[in-house]
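*Asks:* quick one, fold the following:
(2 chains)
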Amino acid sequence: MSSTPSYAVWALLGALALALWVVSLTPAGRRLIVRPAAVLRRLATDPWLRVPLLLGWGWLGWHLFAR
Amino acid sequence: MFQTVALWVLIAYALWLAATVPFSSPANILTALAIAVVVVLVIVRWPARPTRALIAEEERPPHPYLGWVVLVVLIVAWELVMYLVRGSRSAHPTLSSMADAFDRYNYGLKALACIAWLWLGTAIVRAGTPTASRATSQGVAPS
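*Replies:* Modelled structure (predicted):
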């Protein structure tokens, strides 16, 4: 089976992430969606969500570079 | 000055980490050390009882986080589909298998991934560190 459709969906999701990021930086876009930094600040200052945020970051690095 | 030095230290550390081989002691030690430093910084700089950062009412979109939540749900869903579907990993790549591919064959991309990961760690520490100036300059109001 060809891997093209799978990679196409990944590429689409990547493009969507990039589009959201670009939109969030524009004055008009800020009325629709917040910047990634605001999402991070919201997570890092929540008494519960900051725990999975930190664990997720640690797990990501371990999974990518160590294992 | 301090920020410039810190940035160069971060880049040098990332280049060093990128040069290690996964499943080796140097990779384990360098990754664990970076995690330990961030955890120590979090313990030192984050308040035990944080004040939630909220967006000022006049700047707040109707659903400020919806787009990001939808994106994360879509990524997790597709990752699960790729992971669970029958067939070879090359035909159904997961984020991990794609990361493995460039980890193995491209030092430059791995170094960029290391820099991004370390930078994200510092961004997380800064995001949870209370500063009065940030709250006023970026339209963040405490709850």
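
*Asks:* burial count for whatever residue of chain A ends up closest to chain B?
*Replies:* Taking CB to the nearest CB, chain B has its nearest neighbour within chain A at residue A:44, 3.4 Å off. Backbone N, C-alpha and C define where each C-beta goes, glycine included. The number of residues packed near residue A:44 is 23, by other CB atoms under 10 Å in any protein chain shown.

*Asks:* same deal with residue A:48?
*Replies:* 8.

*Asks:* sorry, back to before: for residue B:17, see how far away the residue of chain A closest to chain B is.
*Replies:* Distance, residue A:44 to residue B:17, by CB to CB, to the nearest Å: 23 Å.

*Asks:* same question, residue B:92
*Replies:* 29 Å.

*Asks:* who has more neighbours out of the two?
*Replies:* More crowded of residue B:92 and residue B:17, by other CB under 10 Å: residue B:17, with 26 against 18.

*Asks:* element containing that one, please.
*Replies:* Under the criterion of DSSP states H and E, residue B:17 resides in helix B:2-18.

*Asks:* for residue A:44, give me phi and psi.
*Replies:* phi -70, psi -20 (degrees, to the nearest 10).

*Asks:* show me the contacts for it.
*Replies:* Going by CB atoms under 8 Å, 6 or more residues apart in numbering or on different chains, residue A:44 touches A:50, A:53, B:46, B:50, B:53, B:124, B:127, B:128.

*Asks:* make CSV from the residues you listed and add secondary structure to it.
*Replies:* Shown next, in CSV, are these (DSSP: H, G, I helix; E, B strand; the rest coil):
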residue, secondary structure
A:50, helix
A:53, helix
B:46, coil
B:50, coil
B:53, strand
B:124, helix
B:127, helix
B:128, helix
